[in-house]
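Asker: 3D model of this:
(chains A and B)
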Amino acid sequence: MFRRIKFILAGALLSLLFILPLWRISLIAPQYPSGVHMWIYINKIGGSEPGTLQNINILNHYIGMKYIEPDSIPELQYFPTIVGFFIAFALIAAFLNKKWVYFTWTALLLIGCVLAMYDFYLWEYDYGHNLDPKAIMKFEGESFQPPLFGNKKLLNFIAKSYPHWGGYALMLALLLGGWGTYSSFKRNKA
Amino acid sequence: MESIKRRIQHTVLVFVGVLVLFSCNQNNQSGSSGALGGDAASAVYVPPGEYDEFYGFFSGGFSGQVSVYGLPSGRLLKVIPVFSQDAEKGWGYNEETKPMLNTSFGFIPWDDAHHPELSQTNGETDGRWLFINGNNTPRVARIDLTTFETAEIIEIPNSGGNHSSPFTTENTEYVVAGTRFSVPYPQRDVAIASFEENFKGMLTFIKVNDEGHMEIAFQVLLPAFDYDLAHSGKGKSHGWTFFTTYNTEQSHTLKEVTASQNDKDFIAAVNWKKAEEYIAQGKAKTVPGRHMVNRYDETTHMATSTEVATVPVLTPEDCPGLVYFLPTPKSPHGVDVDPTGEYIIGSGKLSADLTAHSFTNMMSAIENEEFETVISGVPVLKYDKVVGGVVKKPGLGPLHTEFDNEGNAYTTFFISSEVVKWKVGTWEVLDRVPTYYSVGHLMIPGGDSKKPQGKYLVALNKITKDRYLPTGPEMNHSAQLYDISGDKMKLLLDFPTVGEPHYAQGISADRIVPNSKKFYPIEENEHPYRALGESQTKVERSGNDVHIYMTSIRSHFSPDNIEGVRVGDDVYVHLTNLEQDFDVPHGLAIQGANMSELLVMPGQTETLLWKPQREGVYSFYCTDFCSALHQEMQGYIRVSPRGANTPLKWSLGEEEEL
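Answerer: The predicted structure follows:
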């Protein structure tokens, strides 16, 4: 019974990804006393202020970084579908209550997260290395790849890359899935 | 030999003794400032990165503007242009704000701004708006405290000199105006000496609606006195507004002498609630009163000037109970109502005493018809029936009174150059402090409201002399900040001010900070010539008018190369600032343009009108340092001869034409 609830809850947590941002990249510098906070959702890019994305693009164009155009980022188009799939899958798993179904759901979700992080890393690499040759300010040999996780100094900014509320919901969903799978195997209930 | 030696010894001793005495006196002089030392510095020091506790809004007097200070640090935060053109902000220079300075006499680039007044709700300052009067060409302005910009200016007809203005009622129902100089009514060609027959004094009540829009609700026609200052009743006296008068002698020349003869002048008490009833009954006469109402719209970013032709006027003869005169010694200047609404203090600047009328007594005097006489339909109440108390010989030349939240009153004395603290109700003097020099008004945050925030007092002085480093013959007016939280007043800070602050208003910062606008959301911009993105920029010609739709963003203008303009054209450069971040304005100036720069806020559109006079290629650039590449933020406009056929062209960057 409780096992079912875990997976229903996991599905509910995943649905939060449609309204809460998955990840946050913050830029801290003295002349931005409240910081510039970019929020990455599964279907859009926003921030703590309505003008955040525009302000980040303005800041980055001086060093030749590409404009972040959410419409041309394919992940923002298909991530919602994938998340939707996992939510439906979680509810079906709860209904069927079979340990191998639970295992598959959890394993697939974990693989999905790892793939997403790798994809994020590749995107950040491209973003930080593929600089405009006509960039206004050139720094010999330097690249501006934002950190994957943690803090990194980028010129006069400290960039901080961490999960945000949606990301935590996702981790919680994974944990619930793992716990539910583990206990279903331990009890040996088919 | 011995006696000579002794003589010399004596002389030396006496000499040394005098020296010691002399230096002791010197030490005393510097020692007497001990009471003002140490404590004061930490009381006014606001550490870097921290905020002041209060905003102080100071009128600029003959500068025509409003200056904003942080208190207690005395740091100048901003100068807000109101009645005078301000080239720094393009105020009164750009096409959008020129209509704000329009009057029935045409465009006027200046006025004399005397009294700021904060809007109130339930008798407390609420941080929505700041009103201020224009004295010379009678007007009242409203400043929006979310943007710190002047949003509306209304002209007052049938008046000459708008001084007793713009004092507010408890819930900002009305903001008043009163003619300081009576003028012929109606205004026409008459001999000046016909003052007593032809001249009249007009009091004006401006209705303020929930959006802050002002409209003249009615005027009250009164005898030709000088109507000097005003304050509205509160609490029990809510519904009444009180105006001081001087020159009840009705003199029109050498008033310095002739207007100072009568032993008592009046405080006019106007029952505006009764006025509303009379208007509903149709007692108001619609008379000619041509005046302009100028409003700035935050979404179109434009001001429009609308003409209104008439005003409703109430006459005391037709409206019994509308106005009463309270005799007050002598040429009273300030009229101030204590926070309970009971006492109406008339500061008679030529009187030795301070008179406090009692509202309760006034109401009984009215009910029992204790009239001394009637002037032009206005009953004059008997002095001893309305007086509540007198502060005896507090100082010389009383001008204004403000209050704290503990039943104390503070009055300024111009001639004896001091502020005197006294108790309301017992009329005893509690403390006095000198001001440097000759204080006019004083300000306590909320000091003229129902709930004063009685921590600080600012004295606004008329004479500066030696208070600061000399700056040639003209010294800026001085102000002193006092701590009034204890029993005795303590001088904390002395700072020079902008123009001549006649009055000020203070408010705790927390009533303004949360609502302060950071930028204009660009999707709300409805300016007719806006360009909400670089793809919407263009240049259009219609006859001799050229309209350039331009945008700015760090760090370029779009377009920045323009051709096809001709000598004789009227070129309108409409600049939309595409930024959506706090504190990122862009400026725009064109070489040789006969006007100021533009200073455009994020999300806003403003227009510079340029009339090219000579052929050539002219530069334009951003005037407000915006970014690391600010120096590169510039462009060129090509001006061809009159009648030339140069095609219109506009672009940004080499390859692409927009």
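
Asker: Residues of chain A that sit close to chain B?
Answerer: Within chain A, the positions lying close to chain B (Cβ under 8 Å from any Cβ of the partner chain) are A:49-51, A:54-55, A:58, A:62, A:136-137. Any C-beta I mention is one placed from the backbone N, CA and C, and that applies to glycine too.

Asker: Filter the residues you listed down to the buried ones.
Answerer: Buried subset of these (neighbour count, 16 or more other Cβ atoms under 10 Å in any protein chain shown): A:49, A:51, A:54-55, A:58, A:62.

Asker: Pipe the residues you listed into TSV and attach distance to residue B:108 per row.
Answerer: Shown next, in TSV, are those (distance: Cβ to Cβ, whole Å):
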residue	distance to residue B:108
A:49	40
A:51	38
A:54	40
A:55	41
A:58	41
A:62	45
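
Asker: Spatially nearest residue to the residue of chain B found nearest chain A (excluding sequence neighbours)?
Answerer: Closest approach between chain B and chain A, counting by Cβ to the nearest Cβ: residue B:580, at 2.9 Å. Leaving aside its chain neighbours, residue B:580 sits nearest to residue A:51 (2.9 Å; criterion: Cβ to Cβ, 6 or more residues apart in numbering or on different chains).

Asker: Can you name the next helix or strand after the host helix or strand of residue B:356?
Answerer: Assigned by DSSP states H and E, residue B:356 belongs to strand B:354-358. Using DSSP H and E, the helix or strand that follows strand B:354-358 towards the C-terminus is helix B:359-367.

Asker: Which positions in the longest strand seen in chain A come out as buried?
Answerer: Counting by DSSP state E, the longest strand found in chain A is strand A:32-40. Within strand A:32-40, the residues that count as buried by 16+ other Cβ under 10 Å are A:32, A:36-40.

Asker: and what of stretch B:317-334?
Answerer: B:319, B:322-334.

Asker: How about the residues of chain B by chain A?
Answerer: So chain B meets chain A at B:519, B:521, B:553-554, B:579-581, B:602, B:628-629 (Cβ under 8 Å from any Cβ).

Asker: Sort out for me which of the residues you listed are in strands.
Answerer: Reading strands off these with DSSP E, I get residue B:553.

Asker: Select from the residues of chain B next to chain A the one having the most neighbours.
Answerer: residue B:579 (28 neighbours; other Cβ atoms under 10 Å in any protein chain shown).

Asker: Count the residues that sit near residue A:1.
Answerer: Count around residue A:1 with other Cβ under 10 Å applied: 5.

Asker: Spit out the contact partners of the residue nearest to residue B:594 when sequence neighbours are not counted.
Answerer: Distance criterion Cβ to Cβ, 6+ apart; nearest residue to residue B:594, sequence neighbours excluded, is residue B:611 at 7.0 Å. Residue B:611 makes contact with B:568-571, B:594, according to Cβ atoms under 8 Å, 6 or more residues apart in numbering or on different chains.

Asker: swap in residue B:634?
Answerer: So residue B:634 contacts B:557, B:560, B:619-622 (Cβ under 8 Å, 6+ apart).

Asker: just checking, what packs against the helix or strand hosting residue A:175?
Answerer: Counting by DSSP H and E, the element that carries residue A:175 is helix A:165-186. If contacts are counted by 3 or more Cβ pairs under 8 Å, 6 or more residues apart in numbering or on different chains; DSSP states H and E, helix A:165-186 sits against helix A:2-15, helix A:99-129.

Asker: Kindly reformat those as a markdown table containing mean pLDDT and mean neighbour count.
Answerer: Supplementary listing: the helices and strands packed on helix A:165-186 in a markdown table, determined by pLDDT from 0 to 100; neighbours: other Cβ atoms under 10 Å in any protein chain shown:
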| stretch | mean pLDDT | mean neighbour count |
| --- | --- | --- |
| helix A:2-15 | 91 | 20 |
| helix A:99-129 | 93 | 15 |
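
Asker: Please identify which of those is closest to residue A:165.
Answerer: Smallest distance to residue A:165 across the helices and strands packed on helix A:165-186 (Cβ to Cβ): 10.7 Å, for helix A:2-15.

Asker: now the closest one and helix A:99-129, what's the angle there?
Answerer: 20 degrees (axes from the mean of the first three to the mean of the last three Cα atoms, to 10 degrees).

Asker: returning to what we had before: what's the average pLDDT for the strand holding residue B:356?
Answerer: Averaged over strand B:354-358, pLDDT sits at 96.

Asker: pLDDT weak spots in the chain?
Answerer: In the absence of a named chain, this looks at chain A. A:188-190 (pLDDT under 70).

Asker: look at chain B instead
Answerer: For chain B, applying pLDDT under 70 flags the ranges B:1-2, B:14, B:16-38, B:655-658.

Asker: Quick check: the residue of chain A nearest chain B.
Answerer: Counting by Cβ to the nearest Cβ, chain A gets nearest to chain B through residue A:51 (2.9 Å).

Asker: tell me the phi and psi of that residue?
Answerer: phi -90, psi 10 (degrees, to the nearest 10).

Asker: Repeat that for residue B:236.
Answerer: phi -70, psi -30.

Asker: what about the residue nearest to it when sequence neighbours are not counted, neighbour count?
Answerer: Leaving aside its sequence neighbours, residue B:236 sits nearest to residue B:341 (Cβ to Cβ, 6+ apart; 4.7 Å). Number of residues near residue B:341 (other Cβ under 10 Å) recorded here: 20.

Asker: Now do the same contact list for residue B:268.
Answerer: Neighbouring residues of residue B:268 by Cβ under 8 Å, 6+ apart: B:203, B:222, B:227, B:242-245, B:323-326, B:378.

Asker: Tell me the bridge partners for it.
Answerer: Counting by DSSP bridges, residue B:268 is bridged to residue B:243, residue B:325.

Asker: Next one: it from residue A:23, what distance?
Answerer: With distances taken as Cβ to Cβ, to the nearest Å, residue B:268 is found 69 Å from residue A:23.

Asker: Give the next helix or strand downstream of the longest strand of chain A.
Answerer: Next element after strand A:32-40 (DSSP H and E): strand A:45-47.

Asker: Specify the angle between the helix or strand just after that next one and strand A:32-40 in degrees.
Answerer: Following strand A:45-47 in sequence order, the next helix or strand is helix A:52-61 (DSSP H and E). On the basis of the same axes, to 10 degrees, helix A:52-61 is oriented at 110 degrees to strand A:32-40.

Asker: ok, back up a step: now, the contacts of residue B:634 that are in strands?
Answerer: Using DSSP E, these in strands are B:557, B:619-621.

Asker: Which pair of these spans the longest distance?
Answerer: Farthest-apart pair in these is B:557 and B:619; separation 11.4 Å (Cβ to Cβ).

Asker: For residue B:300, give me its contacts.
Answerer: Residue B:300 makes contact with B:526-528, according to Cβ under 8 Å, 6+ apart.

Asker: Buried members of those into ChimeraX, please.
Answerer: For the buried members of the contacts of residue B:300, the matching ChimeraX selection, counting by 16+ other Cβ under 10 Å, is:
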select /B:527
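
Asker: in terms of contact, does the residue nearest to residue B:236 touch residue B:237 like I think?
Answerer: Yes - the criterion here is Cβ atoms under 8 Å, and residue B:341 meets it with residue B:237 at 4.1 Å.

Asker: hey, what's in contact with both of the two?
Answerer: With Cβ under 8 Å, 6+ apart, residue B:341 and residue B:237 have common neighbours residue B:359.

Asker: re earlier: and the two most separated of the buried residues of stretch B:317-334?
Answerer: So, those by Cβ to Cβ: farthest apart are B:319 and B:330, at 28.8 Å.
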